[in-house]
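**Q** Here's a sequence, model it:
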Amino acid sequence: MLAMKHAIEVINNSSLLNGLMLGYEIYDSCSDVSTAIRATMAFLNYPGSCAQEHYNTSEPPVRVQAVVGEAYSEISIAVAHLLNLELIPQISYGSTAEILSDKMRFPAFLRTVPNDYHQTKAMVNLIQNNGWNWIGFITTDGDYGRSAIESFVSQASELGICVAFKVFLPNFLSDKNTDTKINQAINTIRKNQRVNVIVSFAKPAHMMKIFDSFCEETLGKIWIASDSWSMSKEVIHKSKLTNIGKIIGFTFKTGNITQFQNYLNSLKISEDTFKENIFLDHDQADVVFLNDTTNINNTQESGVNVLINNLHRDAVYSVQIAISAIANAVVYLCKEINCKEPANIHPYELLSALKKTEFENDGKSLRFDSNGDINLGYNVVVWKSFNGDIDVDNTVSEYDINNETFIFSSNADKKELDLRSVISKCSDSCKPGQYKETSEGQHTCCYQCKDCAEAQYSNEMDMDECLSCNTSTEWSPQGSSNCTTKQLDYFRWNNGFAMVLLGIAALGTLAVLVIAIIFIKQRQTPVVKASGGPISYMILLSLLSSFISSVFFVGHPFSLKCKVRQVLFGLSFACCVSCILVKSLQIILAFQFKPDLKNALKKINKPYVIIACCVGIQGLICTLWLILKSPEEERIVLETTILVNCNEGSYIFFGVMLGYIALLAFVCFVCAFMGRKLPENYNEAKFITFGMLLYFISWIIFIPVYVSMFGKYLPAVEMVVILISNYGILCCHFFPKCYIILFKKQNNTKDVFRQKLFEYSSKMMRSKTAIRTSSINSLAVSTCSTTTPFCLVSDIKCVECFGNFDKFTKSQYTGTAIRRKRISSI
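**A** Numbers count the residues shown, from 1 in each chain. Next up, the predicted model:
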């Protein structure tokens, strides 16, 4: 009331109106709708008014052209319906209900404060910034309260914020259900222990009763106060702010009200002043009721202090804007009509001027928007307690309505609204790697945290669902917060098993080289000559290539590598087996005494031609394989890895290649088996038989294992079989000869070879002819013509024996000179 009176006096004392004066009538609505309606009918000159006029100007009574008020939305709504009849402009300094922005229903209503949509939006942003989603709501059961909660819920639900409970309190304390409703609200607050943030659009008297009920308790909750009580420190009556918790209030923007404070200080107030002015008397009664420590003395200083200490700065500033808007609208209107005659001014004309006029107040340019609102934004205050005194004017931030952001002047102020340490959630937050699972019928804010399934992830807190990984290149375990790139999986060089096999292959390669060196150095000895000469070197070279091919089964299997490893093994091992086949045929020919069979073998005994043909056939198979469907790199996407291996292309060609080697090995085996009873100490056929048998066993085992096995160790299976085959040939063909060369040098002489051959030949001849003597010590010896060379072993070119046999004793044989052309293989 004093704010409006002061604002009008400032306007009248200025030159703005050019001699015109603003008059005013003041009515007390007593915060009651019925009383406000009767007062409205009074200044509308409607009959039936019983409102008392408390102040007017000295001018004759005139019809009211504009109304300032009311503070409460319920009362403004009721009054606005009456004023709409005459289109009398109504400017409220505190009614914020969103419904009043509807110009179809309230065309004459204007206000100098934002509507509650912006206030609830600011509250929702504050709640979201602090990560709260389980909120309590207290409001009055009227148009204002229900409009506020409807606006809040609609905005909060869009951001995943839930209202745990809604409490509606009667608009007036005189309601007989007030105490019951307040007690229900108190029980609801106590019951919802997980609700630590409560939004309240209630009236100060309601909040005081609620806080008084917790005077013996420590709530420690966050209270978000609407403009209806955010500046009303009287609500902290019996309780303490430290027990209540933290109160964050939204207030209307304020400006410079220094003139009004000076005006209050200049007032001369006495006890009679309070008695004569019912408005001041009402304020005094409220102060004494709400603050037991306040004592109004009959002095000017104490009366002024009552007014200053209970000053609502935002309300004062809003009233000043309302009066300034009316004054500027009058100036605008008087440019077109003669305002000296009051009858010339009509309310609807003033309403139109108010909507069009842009005016200044406190250095700011203001005007009403299309909804009839002036949106200056909000101040955010945090209540502080200093030695029992409550400071409700501690502004820490401004809220910009247009940008919907909080503006802070310092980091200290920003920390005041950083309340993330306070948890107000129905359920604990789900960590990254989890998602929220809500049961049917529950709030979306009440959920259980479930781990994300395999191949899914969540990388933020409280995600509603898990995201899927790109399964072609990524994977994730259960409960993962991110996707992991699938690693290429193959038989790596640093694999323990691979290192063992590579070591064995290296040892085999070294053994081949050592054997080759030994054979070269001992090439003139009977053992080396008897091993086949150049054919033995070809076998060693083939084994060396075969060992090298095994290395290509380790490491990243790119396409060229896949082709090389199979072709190199196929050709090298085919060459090796072909050389052994030639030696097997030579063994049979050397010791074959059947003339027909021997002649047939002599015709086909072309060693290098046989080797070339056998290897050529294998080369043809490999060429067709590479041309038609060659091996290539293949990537198989598995659950957690990408398996990289060699796709053999055509498994038919792969089988034909291995089958051809097996065929050559089988022929070797048959030929060697036929010559298994050759001289015991130098029986190469026996070792060939064992070597081929070892080859068959290893590859027979390989086939089912290779077909049934899957994974990165598949190349290792073939590598193992190759190494077994190579070592089988090394051990059976070369190790015995190296042993004789290195450790049995006495056996590596021509005389020993001749003696062993004599013993074998004598034994064979005795089995083929009738031996006429029964002497155990006599031996049958074959004699050759003096013109035919005698060969110790299997070189067919030098074996020309005939069928005349005589008897010789061992002693006779010892001194016999036997001519020979050369020694070939055993």
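**Q** what's the offset of stretch 615-622 from the middle of its chain?
**A** Its chain's C-alpha centre and that of stretch 615-622 lie 54 Å apart, by C-alpha atoms, centre = their mean, to the nearest Å.
**Q** Could you do stretch 633-647 as well?
**A** For stretch 633-647, the distance to the chain centre is 25 Å (C-alpha atoms, centre = their mean).
**Q** How about stretch 736-751?
**A** Its chain's C-alpha centre and that of stretch 736-751 lie 72 Å apart, by C-alpha atoms, centre = their mean.
**Q** Just the buried residues of it, please?
**A** Using 16 or more other C-beta atoms under 10 Å as the test for burial, stretch 736-751 gives 736, 737, 738, 740, 741, 747, 748. Every residue, glycine included, has its C-beta placed from N, CA and C.
**Q** Pipe those into CSV and attach secondary structure per row.
**A** Below are the buried residues of stretch 736-751 laid out as CSV (DSSP: H, G, I helix; E, B strand; the rest coil):
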residue, secondary structure
736, helix
737, helix
738, helix
740, helix
741, helix
747, helix
748, coil
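**Q** Spatially, which two of those are the most separated?
**A** 738 and 747 (12.8 Å; C-beta to C-beta).
**Q** who's in contact with the strand or helix carrying residue 352?
**A** Residue 352 is part of helix 347-356 when elements are defined by DSSP states H and E. With C-beta atoms under 8 Å, 6 or more residues apart in numbering as the test, helix 347-356 has contacts from 64-66, 86-89, 91, 108, 110, 325-326, 329-330, 332-333, 337, 368, 372.
**Q** Kindly recompute the last result at 10 Å.
**A** 63-67, 83, 86-91, 103, 107-110, 322, 325-326, 328-337, 345-346, 367-370, 372 (C-beta atoms under 10 Å, 6 or more residues apart in numbering).
**Q** starting at the chain centroid, how far to it?
**A** 59 Å.
**Q** Show me what counts as buried in it.
**A** Under the neighbour-count criterion of 16+ other C-beta under 10 Å, helix 347-356 has 347, 349, 350, 351, 352, 353, 354, 355 buried.
**Q** and the gap between the closest residue to the fourth one other than its chain neighbours and residue 374?
**A** The spatially closest residue to residue 351, leaving aside those adjacent along the chain, is residue 89, at 4.2 Å (C-beta to C-beta, 6 or more residues apart in numbering). Distance of residue 89 to residue 374, computed by C-beta to C-beta, to the nearest Å: 14 Å.
**Q** Identify the contacts common to the two.
**A** Residues touching both residue 89 and residue 374 by C-beta under 10 Å, 6+ apart: 110, 325, 368.
**Q** Find me the pLDDT at the second one, would you?
**A** In this prediction, residue 325 carries a pLDDT score of 93.
**Q** which parts of stretch 412-428 are buried?
**A** 413, 416, 417, 419, 424, 425, 426, 427.
**Q** which one of these is nearest residue 697?
**A** Nearest member of these to residue 697, counting by C-beta to C-beta, is residue 427, at 65.5 Å.
**Q** Make sure the closest one is actually in contact with residue 434.
**A** No. Taking contacts as C-beta atoms under 10 Å, residue 427 lies outside contact range of residue 434: 11.2 Å.
**Q** Next up, the contacts around residue 114.
**A** By C-beta under 10 Å, 6+ apart, the contact list for residue 114 reads 96, 98, 101, 121-122, 227, 250, 252-253, 369, 371, 373-378, 399, 401.
**Q** about what we covered before: may I see the buried residues of stretch 736-751 organised as JSON lines, with pLDDT and distance to residue 489 added?
**A** What follows is the buried residues of stretch 736-751, written out as JSON lines (pLDDT from 0 to 100; distance: C-beta to C-beta, whole Å):
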{"residue": "736", "pLDDT": "83", "distance to residue 489": "43"}
{"residue": "737", "pLDDT": "84", "distance to residue 489": "44"}
{"residue": "738", "pLDDT": "87", "distance to residue 489": "41"}
{"residue": "740", "pLDDT": "82", "distance to residue 489": "48"}
{"residue": "741", "pLDDT": "84", "distance to residue 489": "47"}
{"residue": "747", "pLDDT": "73", "distance to residue 489": "53"}
{"residue": "748", "pLDDT": "70", "distance to residue 489": "52"}
